[in-house]
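**Student:** sequence below, structure please.
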Amino acid sequence: MGSYFLRFEQQDVTRPDTVVENQTLHDINLNYLSAVYPFSFLQRNVVVSLNFQRLFDLQGDTDVASRFINIDGIQRVSSRQTGGLFTISPAVAVQLTPTFSIGAAFNIWPDLFGNGWEQQVSVRGGGRVVSGNRIVPFVSQGHIQEHYAFQGFNVTTGFLWTLNSIFSLGGVVRTPFTASVAHDHTSSLTVTLQDGSPPVTTVANFRETLHMHLPLAYGLGLAARLSDRLTLALDIAREHWSDFSLQASTRDTLLIENGAPSGKGQAVLQGQGNDTTSVRLGAEYLWIRPKVVIPFRAGFFYDPEPGEGSSDNFFGFSLGSGIAVNRVLFDMAYTFRTGTVHSTAIDTTVYQHTILASVIYHF
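**Tutor:** The predicted structure follows:
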């Protein structure tokens, strides 16, 4: 399955003397890839599989202009973040009874193929400072490069229970874990006074290992197969973001004064975000012909994000269809998601469009 997203971010700045540009982001990625083999063992149906799944997209851009706090001047900060987190997951499922199955996926988060994120920050400033008994104009220019390589392991377990001819109940639990994050930092800042004195450059370079704790998550889903053609489904999932944390760097870095007031902020990184509960409702109708089956799908969802002080509410809907011919299944889906991210200095309203396309071939 491949995915493409287009995201618009509209900025509403609440802090005086600060300007934040609107952003348009887009990316295309391999979202999911798997190989599956079913067989019988001890008179029970068993399925084993090997899966690749991209779970978190970490792309983001910010362009900010703001006043310095302690000196007279303006600084401009442009930040570009790229990357994402994926797992390679061998999995197994067993049908214990004709109506009850269990399974587990063993999620390996490898330090391979760029599993992590990278941030590039450019800083430009100008103003006036006191030098001796004079007030002297200055300009500054700097660059910060941060690279984070992610590595960890956890398990996802689940069950599927056919309650009767209409209803099926499913459940899933993703275990918490602490990942190792290799952090590489490179930065430099050059300040030039407009009095003929030589420029002064400050440089910082280091490598360290940080720890990120990802929290427990679990969910339940109920499906109602009302006929051979129509199925409805409702699922609820909860994630304990109050247990999330990223260890702060213990090394000296070049700080940006009063800069880049966007994103979730330090509160969420330090485990002060709220737990979130997501709700999804969907339906599928099958148009069955002698040689072709075409599905029509639609859904609505509430999918909040952890935020500073309270959750950031996100809502959306999805539409999808496909075609099944002989051994080949092709599906496409469109999702629209919108909400507002609140921070201490800015409210960012997000409008995201996502297209997913998948192919399944039965050997």
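
**Student:** could you list the low-pLDDT ranges of the stretch 151-300 of the chain?
**Tutor:** 255, 257-266 (pLDDT under 70).

**Student:** how about the helices in it?
**Tutor:** 265-269 (DSSP state H, counting those that start in this stretch).

**Student:** all strands for it, in order.
**Tutor:** 167-174, 177-193, 200-214, 217-225, 230-239, 245-246, 276-288, 293-302 (DSSP state E, counting those that start in this stretch).

**Student:** need the distance between the two termini of stretch 291-308.
**Tutor:** End-to-end distance for stretch 291-308: 53 Å, by C-alpha to C-alpha, to the nearest Å.

**Student:** about what we covered before: most packed of the strands of the stretch 151-300 of the chain?
**Tutor:** strand 245-246 (a mean of 19; mean count of other C-beta atoms under 10 Å). Bear in mind the C-beta positions are built from the backbone N, C-alpha and C, glycine included.

**Student:** to residue 6, which of the strands of the stretch 151-300 of the chain lies closest?
**Tutor:** Proximity to residue 6 (C-beta to C-beta) singles out strand 293-302 among the strands of the stretch 151-300 of the chain, at 18.6 Å.

**Student:** how much does the closest one deviate in direction from strand 230-239?
**Tutor:** Orientation check (axes from the mean of the first three to the mean of the last three C-alpha atoms, to 10 degrees): strand 293-302 against strand 230-239 gives 40 degrees.

**Student:** need the next SSE after strand 293-302, C-terminal direction.
**Tutor:** strand 314-325 (DSSP states H and E).

**Student:** which helices and strands sit right next to that next one?
**Tutor:** Secondary structure elements in contact with strand 314-325, counted by 3 or more C-beta pairs under 8 Å, 6 or more residues apart in numbering; DSSP states H and E, are strand 293-302, strand 328-342.

**Student:** given it, what are its sheet partners and their directions?
**Tutor:** strand 293-302 (antiparallel), strand 328-342 (antiparallel) (DSSP bridges).

**Student:** could I get the longest one in PDB with only the CA atoms?
**Tutor:** Meaning strand 328-342. Extracted in PDB, the C-alpha atoms of strand 328-342 (Å, rounded to 0.1, in the frame of the first residue of the first chain):
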ATOM      1  CA  VAL A 328      -6.200  -9.700  -7.500                       C
ATOM      2  CA  LEU A 329      -7.800  -7.100  -5.200                       C
ATOM      3  CA  PHE A 330      -7.200  -3.300  -5.800                       C
ATOM      4  CA  ASP A 331      -8.400  -0.700  -3.300                       C
ATOM      5  CA  MET A 332      -8.200   3.100  -3.000                       C
ATOM      6  CA  ALA A 333      -9.300   5.400  -0.200                       C
ATOM      7  CA  TYR A 334      -9.400   9.100   0.400                       C
ATOM      8  CA  THR A 335      -9.300  10.600   3.900                       C
ATOM      9  CA  PHE A 336      -9.900  14.200   5.100                       C
ATOM     10  CA  ARG A 337      -8.700  15.200   8.500                       C
ATOM     11  CA  THR A 338      -8.900  18.600  10.200                       C
ATOM     12  CA  GLY A 339      -8.300  20.100  13.600                       C
ATOM     13  CA  THR A 340      -6.400  22.800  15.500                       C
ATOM     14  CA  VAL A 341      -3.100  22.400  17.400                       C
ATOM     15  CA  HIS A 342      -2.900  24.800  20.300                       C
END
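
**Student:** give the buried residues for it.
**Tutor:** 329, 331, 333, 335, 337, 339, 341, 342 (16 or more other C-beta atoms under 10 Å).

**Student:** quick check: pLDDT value at the second one.
**Tutor:** According to the per-residue confidence, residue 331 scores 97 in pLDDT.

**Student:** now do the same contact list for it.
**Tutor:** By C-beta atoms under 8 Å, 6 or more residues apart in numbering, the contact set of residue 331 is 295, 320, 321, 322, 356, 357, 358, 360.

**Student:** swap in 6 Å and give it another go.
**Tutor:** 322, 358 (C-beta atoms under 6 Å, 6 or more residues apart in numbering).

**Student:** report the central residue of the protein.
**Tutor:** residue 56 (3.3 Å; C-alpha atoms, centre = their mean).

**Student:** re earlier: export the strands paired with strand 314-325 to TSV and tack on distance to residue 16?
**Tutor:** Compiled in TSV, the strands paired with strand 314-325 are given as follows (distance: least, C-beta to C-beta, whole Å):
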stretch	distance to residue 16
strand 293-302	34
strand 328-342	18
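
**Student:** among those strands, which is nearest residue 218?
**Tutor:** strand 293-302 (17.1 Å).

**Student:** out of the helices and strands packed on strand 314-325, which gets nearest to residue 142?
**Tutor:** Once the helices and strands packed on strand 314-325 are compared by C-beta to C-beta, strand 328-342 is nearest, at 26.5 Å.

**Student:** helix or strand next in line after that closest one, which one?
**Tutor:** Later in the chain than strand 328-342, the nearest helix or strand by DSSP H and E is strand 346-361.

**Student:** roughly how far is that next one from the heart of the chain?
**Tutor:** A distance of 11 Å separates the centroid of the chain from that of strand 346-361, by C-alpha atoms, centre = their mean, to the nearest Å.

**Student:** for that strand, packing partners?
**Tutor:** Contact here means 3 or more C-beta pairs under 6 Å, 6 or more residues apart in numbering; DSSP states H and E; on that basis strand 346-361 packs against strand 2-13, strand 328-342.

**Student:** buried sites along it?
**Tutor:** Buried-residue list, strand 346-361, by 16+ other C-beta under 10 Å: 346, 348, 350, 352, 353, 354, 356, 358.

**Student:** same question, stretch 150-158
**Tutor:** Those would be 150, 151, 152, 154, 156, 158, for stretch 150-158 by 16+ other C-beta under 10 Å.
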